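Peer 1: Sequence first, predicted coordinates after that:
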Amino acid sequence: MKRVPILLAALALAGQALAADPAKGKQIAEKGAGGPPCAACHGLDGAKPVAPENPILAGQHQDYIVRALMDYKSGKRANPVMKSIADTLKRSDMEDVAAWFSSQKSNLHFQR
């Protein structure tokens with residue numbers, strides 16, 4: 001019986017991940033969603049940031065990107081530029097952008 005709640009939670013999380021649309025995320029990354037596009041600082045595919053202080057997003061874990069954006073929006077992470085961008089994003093936008101960047105190749109880890 002203890003396994004049922006865990007299974008339901010896992011299915012709910014899997015459903016959220018499947019609902020993300022990388023194509024929409026690419027559009028947001030390239031054009032923005034009411035704010036500047038991600039590509040302006042992180043590069044078109046997130047693998048070549050324009051400045052060394054901007055992180056590589058390509059190949060990053062999808063859930064990490066969503067959490068980071070939510071933390072910028074809530075103020076838990078302090079960065080005025082990212083706060084203003086995250087404020088323009090809905091949760092579904094964050095998931096879409098995260099799906100796009102996590103599907104891109106980078107040097108963050110070995111590609112197989």
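Peer 2: Great, that's in hand. Residues are numbered from 1 along each chain as shown.
Peer 1: tell me the contacts of Cys41?
Peer 2: Pro49, Val50, Ala51, Asn54, Val81 (Cβ atoms under 8 Å, 6 or more residues apart in numbering). Backbone N, C-alpha and C define where each C-beta goes, glycine included.
Peer 1: redo that, cut-off 10 Å
Peer 2: When contacts are counted by Cβ atoms under 10 Å, 6 or more residues apart in numbering, Cys41 touches Pro49, Val50, Ala51, Glu53, Asn54, Pro55, Leu57, Val81, Met82, Ile85.
Peer 1: which residue packs closest to the most centrally placed residue in the chain, ignoring adjacent ones?
Peer 2: Centroid check for the chain by Cα atoms, centre = their mean gives Ala98 as the closest residue, at 2.6 Å. Excluding the flanking residues, the one nearest Ala98 by Cβ to Cβ, 6 or more residues apart in numbering is Ile65, at 3.7 Å.
Peer 1: Can you tell me the number of residues neighbouring that neighbour?
Peer 2: By other Cβ atoms under 10 Å, 23 other residues sit near Ile65.
Peer 1: Got a ChimeraX select line for the buried ones in the contacts of Cys41?
Peer 2: Under the burial definition 16 or more other Cβ atoms under 10 Å, those of those that qualify are selected in ChimeraX by:
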select :49,54,57,82,85
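Peer 1: can I assume Ala40 is in contact with Gly32?
Peer 2: Yes. Assessed by Cβ atoms under 10 Å, Ala40 is found in contact with Gly32 at 8.2 Å.
Peer 1: ok, back up a step: tell me what the host helix or strand of the residue nearest to the centre of the chain is packed against?
Peer 2: Using DSSP states H and E, Ala98 sits in helix 91-102. For helix 91-102, the packing partners by 3 or more Cβ pairs under 10 Å, 6 or more residues apart in numbering; DSSP states H and E come out as helix 3-19, helix 22-31, helix 62-74.
Peer 1: Could you give the separation of the very next helix or strand once past the second one from the chain centroid?
Peer 2: This means helix 22-31. Sequence-wise, the next helix or strand downstream of helix 22-31 (DSSP H and E) is helix 39-42. In this view, helix 39-42 has its centroid 13 Å away from the chain centroid, taken as Cα atoms, centre = their mean, to the nearest Å.
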